[in-house]
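Asks: My questions are about this predicted structure, shown below with the sequence.
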Amino acid sequence: MSGYQTGVLVFLAFNVIAAYSVYLPMAAGQLNLGIAGFMAIGAYTSAYLSNELGWSMLSSVPAGALASCLLATVVAVPVLRTHGIYLALATFALGQIIAAVFLNLEVVGAAAGYPVNEYVSPMVVVACAAGVVLLMVFLSRTRYGLYLTAIKNDATVTDLMGVNVRGMQISAFAIGAMVAGFGGALYGHHYSFIEAQHFNVLLSVFTVLYVLLGGTQTVLGPLVGAVFFTLLPEALRASDQWRYVIFAALIILMMLLRPQGLLTASLLRSLGGRKQGMQQ
Amino acid sequence: MSATATLGNAGALAGSAAGSTASDYALEVRGLSKSFGGLEVIGDLSFAAPRGKATALIGPNGAGKTTVFNLVSGVYTPTAGTVLVNGQDITGVPSRRRIHAGVARSFQNIRLMQHLTVIENLLIGQHVRAQGLGALFSPFRLMPKHRWWKEAQQALDECGLGAYAQQTVGALAYGIRKRIDLVRATLAGPSLLLLDEPAAGLNPTETQDLLAHLRLLASRGTSLLVVEHDMPFVGEICEHVVVLNFGRKIAEGTLDEVRQVPQVREAYLGSEEE
Ligand SMILES: Nc1ncnc2c1ncn2[C@@H]1O[C@H](COP(=O)(O)OP(=O)(O)OP(=O)(O)O)[C@@H](O)[C@H]1O
Ligand SMILES: [Mg+2]
């Protein structure tokens, strides 16, 4: 594999991890526009622990994921009281606050960025992304995954069935943030350098875009979305300066033609013809 | 009935009011009121539904029947009054916990999960009987022979709906969805089932199937509270009838008895039923 191909593959792996961090709360009907902030938490926590305290990555990366999960759990209580556009704005603001804090935090280099000592290889990153996909497929085969879909469809009815809707929403938000923190931590160790500016709102928006365009009805939608929108700009490289225009036009076109996303439950059912259905 | 209404009576499940041992009633509402922004929709309503029987709640459009269901199932909090299920005061019990007290309901405007298959909808209905983290995170959907699938399939088969198990709900005919909404409600094993216009929009064959289904439930000891505009249907299964108009009870008794009440005739004057 050439260096270029490896580079694209790793980029894809990070996008897949990010996509699933957005997908989980979205499966329950919640838009998290602050996902970059949670990646930053994971990245900085793991980098700090390994740089300054000499932790091995085996413990610093999970610690980064956990830190992100904990913060999400704490903020979920007030933030998830909001819905729709207000929830999007609240999570957006949260992401901005987190990035701003790191931008001014001297112990981790502030605006100058923060070099990360321990290095994680491309293959480990790819394996971790595969692990995240497997975890999500697993969750989609449980009642947990089923209830998230139910809540998105009709929270009142799901509540009357006895499901703890709020608890489910908070946990989906927190597990999503944990995945984001995990991805962020790996990101820092792989590229050996992090800066607060990287974890900006554009990163969050693009991630949400992958998920929406891939489709949120099935657990494999985000994977399809991330693959498609990581490889597409690469394929368009030939057309050079026009590629972003073409890319943006394609996104708008897809939103118009397939608002439910590339991969839908009924499409999967008709493709597989499986008795149990592959629906999340 | 008691005028001292209990509001937000938390912990009611643990120890309900004295003297409410083994009530003869599946449902009792006492002095129930509900206002929306000063507009009274239910006013000082009291009635009881006998245990193990079918009771009808009837009244003209906008009388407040669905609102009563929302109050009993906990979707709305009453402005005043008490709701007792099998003698237990559940007025302050959160809606999510009411299914544990045995209350399940269907909806006037069918509220199934459209993108999910029929059987997946039924799996959600099983939730009360699949408690705990082990049940929540078991990847049973990879196991086609798991008892949860079998149980849901069996419930469908019993009502002759087995063939629809793997179909997406959104693609099904209205009458079928209506029946599936009912099956989902029964999967929680409720002692009190609230049915909001179960026969509306059904053709005569479907209505007969529904009647058979409801009789089966009643024979198993499920108490029913049925809102229905179809009077012959009410006459078929409901021994007890409560009539609402403008949120207040205007009559109670057998269908033949309430039919004789002048206020009931008046309320229904000009409407299709009477
Ligand atoms: N959430 C609400 N906010 C304000 N008003 C409401 C609300 N829910 C119900 N109402 C009002 O309460 C009254 C009773 O409504 P309800 O739906 O209970 O009637 P119903 O007897 O079920 O009628 P129908 O036979 O048409 O189903 C109506 O006037 C309705 O507008
Ligand atoms: Mg109604």
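Replies: Thanks, I have it. Ligands and ions are numbered 1, 2, ... in the order given.
Asks: how far away is the residue of the stretch 1-150 of chain A found nearest ligand 1 from A:A155?
Replies: Residue of the stretch 1-150 of chain A nearest ligand 1, by C-beta to the nearest ligand atom: A:H83 (17.3 Å). (C-beta placed from N, C-alpha, C; glycine too.) A:H83 is 10 Å from A:A155, where distance means C-beta to C-beta, to the nearest Å.
Asks: Equivalent analysis for A:L262, please.
Replies: For A:L262, the distance to A:A155 - C-beta to C-beta - is 26 Å.
Asks: Return the residues in contact with whatever residue of the stretch 1-150 of chain B ends up closest to ligand 2.
Replies: Here the stretch 1-150 of chain B gets closest to ligand 2 at one residue, B:T66, 3.1 Å apart by C-beta to the ion. Applying C-beta atoms under 8 Å, 6 or more residues apart in numbering or on different chains, we find B:T66 in contact with B:Q108, B:D196, B:V227.
Asks: what helix or strand is it on?
Replies: Under the criterion DSSP states H and E, the helix or strand holding B:T66 is helix B:65-73.
Asks: Is ligand 1 within reach of that helix?
Replies: Yes: legend: contact between helix B:65-73 and ligand 1 by C-beta under 6 Å from any ligand atom is shown at B:K65, B:T66, B:T67.
Asks: Make TSV out of those and add distance to A:R258.
Replies: Putting the residues of helix B:65-73 next to ligand 1 into TSV (distance: C-beta to C-beta, whole Å) gives the following:
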residue	distance to A:R258
B:K65	41
B:T66	37
B:T67	40
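Asks: and of those residues, the nearest to chain A?
Replies: Nearest to chain A among the residues of helix B:65-73 next to ligand 1 is B:T66, at 13.1 Å by C-beta to the nearest C-beta.
Asks: Please enumerate the helices of the chain.
Replies: No chain specified, so I'll use chain A. Counting by DSSP state H, chain A has these helices, from start to end: A:3-27, A:35-52, A:57-79, A:84-104, A:122-140, A:143-153, A:155-160, A:165-191, A:201-214, A:221-235, A:243-257, A:265-272.
Asks: looking at chain B here, not the other one
Replies: Assigned by DSSP H, the helices in chain B fall at B:65-73, B:95-98, B:118-125, B:133-136, B:147-158, B:174-186, B:204-219, B:231-237, B:255-260, B:262-268.
Asks: Tell me which other helices or strands the longest one touches.
Replies: Think helix B:204-219. helix B:174-186, strand B:223-227, helix B:231-237 (3 or more C-beta pairs under 8 Å, 6 or more residues apart in numbering or on different chains; DSSP states H and E).
Asks: Same check on the fifth one?
Replies: Using 3+ C-beta pairs under 8 Å, 6+ apart as the contact criterion, the secondary-structure elements in contact with helix B:147-158 are helix B:118-125, helix B:174-186.
Asks: Pick the most deeply packed of those.
Replies: helix B:118-125 (a mean of 25; mean count of other C-beta atoms under 10 Å in any protein chain shown).
Asks: Find me the pLDDT at the residue lying closest to B:V183 once chain neighbours are set aside, would you?
Replies: Leaving aside its chain neighbours, B:V183 sits nearest to B:A155 (5.4 Å; criterion: C-beta to C-beta, 6 or more residues apart in numbering or on different chains). Among the per-residue scores, B:A155 holds a pLDDT of 93.
Asks: Over to A:T218?
Replies: 87.
Asks: For the contacts of B:T66, which ChimeraX command selects only the ones that are buried?
Replies: To isolate the buried members of these in ChimeraX, using 16 or more other C-beta atoms under 10 Å in any protein chain shown:
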select /B:196,227
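Asks: and stretch A:195-203, which residues are buried?
Replies: Result for stretch A:195-203 [16+ other C-beta under 10 Å]: buried residues A:E195, A:A196, A:H198, A:F199, A:V201, A:L203.
Asks: Greatest separation within those residues: which pair is it?
Replies: The distance between the two most remote of these (C-beta to C-beta) is 15.1 Å, for A:E195 and A:V201.
Asks: how near is the residue of chain B most remote from its centre to B:Q88?
Replies: The C-alpha centroid of chain B is most remote from B:L142, which lies 32.9 Å away (C-alpha atoms, centre = their mean). To B:Q88, B:L142 is 39 Å away according to C-beta to C-beta.
Asks: A:I151 against A:G29, yeah?
Replies: Yes: at 6.2 Å, A:I151 counts as touching A:G29 under the criterion of C-beta atoms under 8 Å.
Asks: Name the residue in those two with the higher neighbour count.
Replies: Set A:I151 next to A:G29 and count neighbours by other C-beta atoms under 10 Å in any protein chain shown: A:I151 wins out with 25 against 19.
Asks: what residue ranges in the stretch 51-200 of chain B score low on pLDDT?
Replies: Counting by pLDDT under 70, the stretch 51-200 of chain B shows no low-confidence range.
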